[in-house]
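Enquirer: structure, please.
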Amino acid sequence: MSDTAVAAARTLPFLPGDPVPWFQGDCAGNPNFAFSTVAGRWSVLVLLGSAAVPQLQAAVAAIAGAAPLFADPRRTCFFVTLDAADRVGQPARLPLHLPGFYAFADADGEISRRYRAIDPAADPRSGHVAYRPYWLLLDPTLRVVATGGMEDTARLLDLVAQLPAPAAHGSVVAEGGRILTVAPADDAGQPWAPVLAVPRVFEPAFCRRLMAEYDRLGGEESGFMREVGGRTVEMRDYGHKRRADCLIEDETLRAGIRARIERRLLPELQKAFQYKATRIERYIVACYDGDGAGGYFRPHRDNTTRGTAHRRFAVTINLNAEDYEGGELRFPEFGDRRYRAPTGGAVVFSCSLLHEALAVTRGRRFACLPFLYDDDGAAIRARNAEFLEDPQLAAVARGTAAAG
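Expert: This next block holds a predicted model:
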């Protein structure tokens, strides 16, 4: 084998909410085992390098000692090793008792390069290579729930022990060593609306930053768009909508919103709906206040006026799902099933669907509410700017003013 050493501390290459690369490799007697086929269960992927490295042996032993956690076929642990000796011998250096533990042989380093555990130009077959070992806890869609270095293996095992059934992964977010969940409403038997649930788009700390910005600047009552005499006009009707919005103008926060959506949400949108969004409309934090005047938005569609016809998908990213009651999304055309993303998670749906934000009955619900569209939509938006009653909105639509 190559001379493998543990590299210096580094920034972890994948973060919660990120999709991980798919690959094929030699595993469990199959030289072309497709990692994408393990979707549908909870998976741990350990980028190890070699179990012979002294600094890693305690972590490997801890994972091996947690074998009961992986006896459940809905939880599986995969190692990636450059060292052929890790998979042979009696006993082998790695725990390989089936069905819980597997190891990918990565002699040429292709998997390790793809996961940035070694440098892009590194070739383990040529001699010494610096390896950056780490672990990933992956959800059933092969997106990151949590990640850490091998010195943090105890946290990994604590998280695995708290995992619910894979079908409930959409209600899961990890912070520190805890799994936070939001119990779904009891709506068995209801049909499903064609919506996409994407957990872990924003991490909890970023959610708190956005809510702090709202509290610092305050929110203003927002209306809704109607077509009146051929013009797109903002209306106010507390019988239809009660919500306060805060426009995020801080460029650092706007860039943070944009980067997380582009990195974590747009790939899932393209995979599910074959739609490549290239534009984001509005950077706002909205508040539905159940302790004040109430908060709700009665059934509506988001693209029924000339000034909103460019919108393709609406996004609701909850910022504090544990802090309020009520406030779920409902799609009346598809029954009474209710949708509620966990903190930092998104519900994405076509702007053509009739939908409702149900009343918040306790606490304050904070959410980031962008719209997504593409270059064709941008042309429609610019062309229809003349129909917008509000001159500032018209300037934004034409591209002659900063986007809100």
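Enquirer: tell me where the model's unsure across the stretch 251-400 of the chain.
Expert: Applying pLDDT under 70 to the stretch 251-400 of the chain picks out residues 399-400.
Enquirer: can you pull out the strands in it?
Expert: Under the criterion DSSP state E, counting those that start in this stretch, the stretch 251-400 of the chain contains strands at 279-281, 284-289, 296-300, 313-318, 325-326, 329-330, 338-339, 346-350, 355-357, 360-362, 364-368, 371-373.
Enquirer: right, and those strands - which one's nearest residue 86?
Expert: Distances from residue 86 to each of those were compared using CB to CB; the minimum, 38.9 Å, belongs to strand 346-350. C-beta coordinates here come from the backbone N, C-alpha and C atoms, glycine included.
Enquirer: what pairs with that closest one, parallel or antiparallel?
Expert: Strand 346-350 has its sheet partners listed here by DSSP bridges as strand 196-198 (antiparallel), strand 313-318 (antiparallel).
Enquirer: which secondary structure elements does the next helix or strand after the shortest one contact?
Expert: This points to strand 196-198. Scanning the chain past strand 196-198 towards its C-terminal end, the next helix or strand to appear is helix 204-217 (assignment: DSSP states H and E). If you count contacts as 3 or more CB pairs under 8 Å, 6 or more residues apart in numbering; DSSP states H and E, helix 204-217 packs onto strand 244-247, helix 251-260, strand 284-289, strand 364-368.
Enquirer: hang on, residue 156 in a helix?
Expert: Yes - judged by DSSP: H, G, I helix; E, B strand; the rest coil, residue 156 forms part of a helix.
Enquirer: residues near it, how many?
Expert: Taking other CB atoms under 10 Å as the criterion, the count of residues near residue 156 is 25.
Enquirer: please apply the same query to the one 10 residues further on.
Expert: Using other CB under 10 Å, the number of residues around residue 166 comes to 17.
Enquirer: so how far is residue 362 from it?
Expert: Look at residue 166 and residue 362: by CB to CB, to the nearest Å, they are 30 Å apart.
Enquirer: what sits against residue 397?
Expert: With contacts taken as CB atoms under 8 Å, 6 or more residues apart in numbering, residue 397 has the following neighbours: 307, 381-382, 384-385, 388.
Enquirer: mind putting those residues in JSON lines, distance to residue 56 and neighbour count included?
Expert: Rendered in JSON lines, the data for those read as follows (distance: CB to CB, whole Å; neighbours: other CB atoms under 10 Å):
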{"residue": "307", "distance to residue 56": "58", "neighbour count": "25"}
{"residue": "381", "distance to residue 56": "53", "neighbour count": "23"}
{"residue": "382", "distance to residue 56": "56", "neighbour count": "15"}
{"residue": "384", "distance to residue 56": "59", "neighbour count": "19"}
{"residue": "385", "distance to residue 56": "59", "neighbour count": "20"}
{"residue": "388", "distance to residue 56": "60", "neighbour count": "24"}
